[in-house]
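A.B. asks: structure, please.
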Amino acid sequence: MEYLIKFLGIYFACLFKFIAGPVLGSALGYSIWEIVLVTVSGMMSSVLIFTYLGDWIRSEWNIRVTKKRKTFSPKTRRIIRIWQKFGAGGVAVLTPLLLTPIGGTIVLTSFGVKKTKIFSYMFASGLFWSMVLGLSITEILKIPFFNYLLR
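C.D. replies: The predicted structure is shown next:
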């Protein structure tokens, strides 16, 4: 039961921030496959929810919560530059590192990428980065200095 509660806690953290899966999974001593499973499932759940929820919110609600902001901020300019250089694949690859799964999904949806492409690109990106980050963090935690800090 304790394992399931910890697993679900990491899963819910991965819904909002990708890096939580590899960091928390490694800290709890999960194997690389458990880290990949919990991280990718959390990320893809939020991608699935916000791909369809975003369409529903856009079609059903016309809510203005804040004042009209500038169309082009430094952040939006950076996202547009990435989009122009690398397309949907580039946004998906950079999502785990720079954006949240929700943010990456919203960017891809707003550029009109088909849902099947969003799912496949985000899934491939999630698998790649969860393995890279999971293995890296696990190896870093084997260094005695960092292991000592966690006690």
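A.B. asks: any idea how far the worst-scoring helix or strand of the chain on mean pLDDT is from the chain center?
C.D. replies: The weakest-scoring helix or strand in the chain, judged by mean pLDDT, DSSP states H and E, is helix 144-149 (a mean of 77). Relative to its chain's centre, helix 144-149 lies at 28 Å (CA atoms, centre = their mean, to the nearest Å).
A.B. asks: list the buried residues for stretch 91-111?
C.D. replies: 91-96, 99-105, 107-109 (16 or more other CB atoms under 10 Å). All C-beta atoms are positioned from the backbone trio N, CA, C, and that covers glycine.
A.B. asks: which other residues reach that stretch?
C.D. replies: Contact with stretch 91-111 is made by 14-19, 42-43, 46-47, 50-51, 54-55, 79, 82-83, 86, 88, 117-118, 121-122, 124-126, 128-130, 133, as judged by CB atoms under 8 Å, 6 or more residues apart in numbering.
A.B. asks: for ChimeraX, what selects the buried ones among these?
C.D. replies: Selection of buried members from the contacts of stretch 91-111 for ChimeraX, criterion 16+ other CB under 10 Å:
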select :14,15,17,18,19,42,43,46,47,50,51,54,79,82,83,88,118,121,122,125,126,129,130,133
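A.B. asks: show me where the protein has helices.
C.D. replies: For the chain, the helices defined by DSSP state H cover 2-16, 20-27, 32-60, 74-98, 101-110, 115-141, 144-149.
A.B. asks: ok, residues contacting the shortest one?
C.D. replies: Right, helix 144-149. 140-141.
A.B. asks: please save the CA atoms from that helix in PDB.
C.D. replies: The C-alpha coordinates for helix 144-149 follow below in PDB (Å, rounded to 0.1, in the frame of the first residue of the first chain):
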ATOM      1  CA  PRO A 144      29.100   9.200  -2.100                       C
ATOM      2  CA  PHE A 145      28.900  12.900  -1.600                       C
ATOM      3  CA  PHE A 146      25.400  13.200  -2.900                       C
ATOM      4  CA  ASN A 147      24.400  10.000  -1.100                       C
ATOM      5  CA  TYR A 148      25.600  11.600   2.100                       C
ATOM      6  CA  LEU A 149      23.600  14.700   1.500                       C
END
